[in-house]
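dropping the sequence and predicted coords here.
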There are 2 protein chains.
Amino acid sequence: MSTSPSPLCVCIMAGGKGERFWPASRAARPKQLLPIASARSLIAETAQRNLHVTPAENIFVITTHDQAPDIQKELPELPPHNIIAEPCGKNTAPCIGLISALLAARTPETVLAVVPADHIIPDTARYAQTIRDAAAVAAREHALLTIGIAPRSPETGYGYILAGDALPTTTATAFSRAEQFIEKPPRPRAEELIATGRAFWNAGMFVFRAADMLDAFSRFIPHMHAPLQRVIQTAGSPAQSAAIAALYDAAPAISIDYAVMEKAHNVIVAHGVFAWDDVGSWAAVADHWPHDAEGNATRGDVLVLDSSGCVVQNDGAGITALLGVNGLVVVRTADAVLVCPKNRAQDVKHIVQRLQQNPAWRAFT
Amino acid sequence: MSTSPSPLCVCIMAGGKGERFWPASRAARPKQLLPIASARSLIAETAQRNLHVTPAENIFVITTHDQAPDIQKELPELPPHNIIAEPCGKNTAPCIGLISALLAARTPETVLAVVPADHIIPDTARYAQTIRDAAAVAAREHALLTIGIAPRSPETGYGYILAGDALPTTTATAFSRAEQFIEKPPRPRAEELIATGRAFWNAGMFVFRAADMLDAFSRFIPHMHAPLQRVIQTAGSPAQSAAIAALYDAAPAISIDYAVMEKAHNVIVAHGVFAWDDVGSWAAVADHWPHDAEGNATRGDVLVLDSSGCVVQNDGAGITALLGVNGLVVVRTADAVLVCPKNRAQDVKHIVQRLQQNPAWRAFT
């Protein structure tokens, strides 16, 4: 199999708000900037992981203006101009259009992997191999690749991709034509999907030639064609900022799945077999922390008595003490405390929303 | 009925450690110094209540050296020399011996009510009437009076007093000979006791002539006779401190119930019919706070979503948020958080004990 003749680039999408990790996550300090699984932030782990895919000069980050300075501090190994600020957050489609245009301005043959900043992927070697194999297929097939994750359980919190015909390949990674994208399914449907043996979790990681993604944009979001061309024409010039602002003005706030991947016919799913976790809530982080004999996962100064299956984080000075409780999430930061059952952890965003409605409490969001 | 010819004195016992209110209560700030039920501390409420019994110059406080300055600040209406520091905490018997000796030194006829600093008694008028009626009976009968509380439920956390023959009386308060003191009973025994119609909760409030209590000490703890006499002889002199220190050296660390009341034959129980709560834990405070429609009782900046029956206190700046939990106690202070079910609130002292065992955490106790 031939390898991509152009440099492989990685774009880390870091626009997430991460309300589900309140009170550790705040508007100015979203999930990707938090040390969720280790002593380093998720975005620092993500950058480190992708240095096994491509050199630092080929790794880009797209984020918000607010977060850009903090992200530069987190990623000192990246050239500062590789950290690109979006005018505003509009989901993944405009972001992927933008980076595709900026890289196509250098060379349309560039193969690009776009990956979220806030996932946990412990198996760096297998991840990097999968991305490189996918890049080779993208270059050869002029296809849009999506990295599917072999499902471990009938999760209802993920979208699924149903794989069709297998591609002949000599790489470590297997590939299939993508037959169908399925939105987060109810439990029975998720069980059916897994039983097919052809279902993958949609991990929100994509690999493609910049030119192929721009072609797809022109086909499926035609009114973005001209603004994208303008970004290509102005790339690196003083007019670039205005072109990016115009692109975001024109762009709908939708996901790349909905805008492009579900509609395109040249979509291939890579069979990702590495461990992957999008750590969608405090309940999920417990899998990545040490546990005591009663299944309590704790970080910081935490005293747990007669309790089991709890997830407790105590940030900074001070102490958090639990007595006689089971299956709770408790998080203490300098100015806030969260208490909820693990099975409600995905609803913590409702707390953030309620705090935002109260002027006296908005500062805590 | 005749009234007491000597001034009625009140002694507030304020030696409690209050570990069950951690993290609000600390070694240096025990329960009686906390504003548990209102904006004022329990001891300030107690002093205010007893001003309806007797003037400020007749109200005394016995406490520890550590707490004396804070208590003086809480009780500016009391003469500073009415706040008496114990050399060390040794339960209620030495404390009651000491105040009896100090007041007997003025006049042995003094009638004295000793009451805990940290109870909640909303009905001040009926409380004051009960104490005054008990004082009259103590003076007339030369008896040791204990204020029993008409039980509302078969509580297992209180001692009980079984009433015998009724005393003839013309006062608003009824009185009976005390037949038996019963330690905290198991539930079936508590139900039996209530069914007798003659059981009262032991509220730890006593009324007696100073001379009668000193007689009882001489009979039941004879080795305290000489040290108590020495306190009487030195009262108000430079030798008083040394006499008090010697008294506490000699004294056993036991309760007045165990040392005297359960053994004496001249014990009378006053039928207290006022609302009374010893607020033994965070679970109990909920009865004294406003509730929302779901039975959540909260103080401070607290957000409660999809939760019921919780007791939540957020001290000072910052916020505490609960989602989807029931029957929990959550308390946040500047440097600590407690989470436990209401039905384990009486065990919060175990947390304090564990924190004390860890040198790094001792500062939180």
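Cool, got the structure. Because the structure is a prediction, the values reported are computed rather than measured.

low-confidence ranges, chain A, go.
A:1-6 (pLDDT under 70).

not counting sequence-adjacent ones, nearest residue to the residue lying farthest from the centre of it?
Within chain A, residue A:306 marks the point farthest from the mean C-alpha position, 36.9 Å out by Cα atoms, centre = their mean. Closest residue to residue A:306 apart from its sequence neighbours, by Cβ to Cβ, 6 or more residues apart in numbering or on different chains: residue A:324 at 4.7 Å. Any C-beta I mention is one placed from the backbone N, CA and C, and that applies to glycine too.

just give me the neighbour total for the one you found.
For residue A:324, the count of nearby residues is 19 (other Cβ atoms under 10 Å in any protein chain shown).

residue A:273 now?
With other Cβ under 10 Å as criterion, residue A:273 counts 15.

for the nearest residue to it once chain neighbours are set aside, grab the count of nearby residues.
Residue nearest to residue A:273 in three dimensions, not counting chain neighbours: residue A:150, with 5.3 Å by Cβ to Cβ, 6+ apart. Residue A:150 sits with 14 neighbouring residues when counted by other Cβ under 10 Å.

again with residue A:100
Going by other Cβ under 10 Å, the residues that sit close to residue A:100 add up to 28.

how far away is it from residue A:250?
Going from residue A:100 to residue A:250 by Cβ to Cβ, to the nearest Å gives 15 Å.

do residue A:146 as well
25 Å.

looking at these two, which is more packed in?
The neighbour count for residue A:146 versus residue A:250, taken as other Cβ under 10 Å, is higher for residue A:146 (25 against 17).

on that earlier part again, the residue nearest to residue A:273 contacts residue A:269, doesn't it?
No - checked against Cβ atoms under 8 Å, the pair residue A:150 and residue A:269 is beyond contact range at 10.9 Å.

returning to that earlier point: what sits against the residue nearest to residue A:306?
Counting by Cβ atoms under 8 Å, 6 or more residues apart in numbering or on different chains, residue A:324 touches A:305-307, B:340-341, B:343-344, B:347.

pick the one among the residues you listed closest to residue A:262.
residue A:307 (44.3 Å; Cβ to Cβ).

go ahead and confirm the closest one touches residue A:294.
Yes - assessed by Cβ under 8 Å, residue A:307 is found in contact with residue A:294 at 6.7 Å.

beta partners of residue A:322?
residue A:304, residue B:339 (DSSP bridges).

any idea how many residues pack against it?
Residue A:322: 24 neighbours (other Cβ under 10 Å).

just checking, it touches residue A:312?
Yes - in this structure, residue A:322 is within contact of residue A:312 by Cβ under 8 Å, at 6.3 Å.

which residues are common contacts for the two?
A:302, A:304, A:328, A:330.

closest one to residue A:363 out of the residues you listed, please.
Distances from residue A:363 to the shared contacts of residue A:322 and residue A:312, taken by Cβ to Cβ, are shortest for residue A:330, at 21.6 Å.

determine the longest helix present in chain A.
Looking across chain A with DSSP state H, the single longest helix is helix A:124-141.

now do the buried residues in that helix.
Neighbour-count burial for helix A:124-141, counted by 16 or more other Cβ atoms under 10 Å in any protein chain shown, picks out A:124, A:126-139, A:141.

ok, residue A:307 and residue A:294, which is more surrounded?
More crowded of residue A:307 and residue A:294, by other Cβ under 10 Å: residue A:307, with 24 against 12.

ok, that one - contacts?
Per Cβ under 8 Å, 6+ apart, neighbours of residue A:307: A:294, A:296, A:322-326, A:328.

check which helix or strand covers the residue of the stretch 51-200 of chain A found nearest chain B.
For the stretch 51-200 of chain A and chain B, the shortest gap (Cβ to the nearest Cβ) falls at residue A:157, measuring 17.0 Å. Residue A:157 belongs to no helix or strand when assigned by DSSP states H and E.

so how far is the first residue of stretch A:298-312 from its last?
For stretch A:298-312, the first-to-last residue distance is 5 Å (Cα to Cα, to the nearest Å).

count the residues that sit near residue A:365.
Per other Cβ under 10 Å, the neighbour tally for residue A:365 reads 22.

and the helices in chain A?
For chain A, applying DSSP H gives helices covering A:42-50, A:68-74, A:92-104, A:124-141, A:187-196, A:210-220, A:225-234, A:240-250, A:256, A:282-285, A:348-357.

just name the most buried of these.
helix A:92-104 (a mean of 26; mean count of other Cβ atoms under 10 Å in any protein chain shown).

what angle do that helix and helix A:225-234 make?
Helix A:92-104 and helix A:225-234 are oriented at 40 degrees to each other (axes from the mean of the first three to the mean of the last three Cα atoms, to 10 degrees).

run the angle between helix A:92-104 and helix A:210-220 for me.
140 degrees.

which outside residues touch helix A:92-104?
A:9, A:11, A:13, A:15, A:60, A:62, A:84, A:86, A:110, A:112, A:114, A:204, A:206, A:208, A:210-211, A:213-214, A:217, A:221, A:224, A:228-229, A:231-232, A:235, A:244, A:247-248, A:251-260.

contacts only, for the most centrally placed residue in chain A.
Against the mean C-alpha coordinate of chain A, by Cα atoms, centre = their mean, the closest residue is residue A:116 at 2.2 Å. Residue A:116 is in contact with A:12-13, A:16, A:46, A:204-205, A:278, counting by Cβ under 8 Å, 6+ apart.

specify the beta-bridge partners of it.
Where residue A:116 sits in a bridge, its partners, by DSSP bridges, are residue A:13.

how deep is the nearest residue to residue A:28 once chain neighbours are set aside tucked in, by neighbour count?
Nearest non-adjacent residue to residue A:28, counting by Cβ to Cβ, 6+ apart: residue A:66, 6.2 Å away. By other Cβ under 10 Å, 14 other residues sit near residue A:66.

how close does residue A:66 sit to residue A:45?
According to Cβ to Cβ, residue A:66 stands 21 Å off from residue A:45.

for residue A:245, same thing?
Counting by Cβ to Cβ, the gap between residue A:245 and residue A:45 amounts to 31 Å.

same check, this time on residue A:211
For residue A:211, the distance to residue A:45 equals 31 Å [Cβ to Cβ].

quick one, what contacts the closest residue to residue A:47 other than its chain neighbours?
With Cβ to Cβ, 6+ apart as the criterion, residue A:47 has its nearest non-adjacent residue at 5.0 Å, and that residue is residue A:75. By Cβ under 8 Å, 6+ apart, the residues touching residue A:75 are A:43-44, A:47, A:61, A:83.

how about a cut-off of 10 Å?
A:12, A:14, A:41, A:43-44, A:46-48, A:56, A:59, A:61, A:82-83, A:117 (Cβ atoms under 10 Å, 6 or more residues apart in numbering or on different chains).

residue A:199 now?
Counted by Cβ under 10 Å, 6+ apart, residue A:199 has contacts A:148, A:150-151, A:154, A:160-163, A:180, A:182, A:185, A:190, A:192-193.

residue A:113 too?
Residue A:113 touches A:8-12, A:50, A:53-54, A:58-59, A:130-132, A:134-135, A:138, A:145, A:147, A:205-208, counting by Cβ under 10 Å, 6+ apart.

now residue A:190
So residue A:190 contacts A:151, A:153-158, A:160, A:182, A:184, A:199, A:201 (Cβ under 10 Å, 6+ apart).

considering these, which possesses the most neighbours?
Of the contacts of residue A:190, with other Cβ under 10 Å as the count, residue A:160 tops at 25 neighbours.
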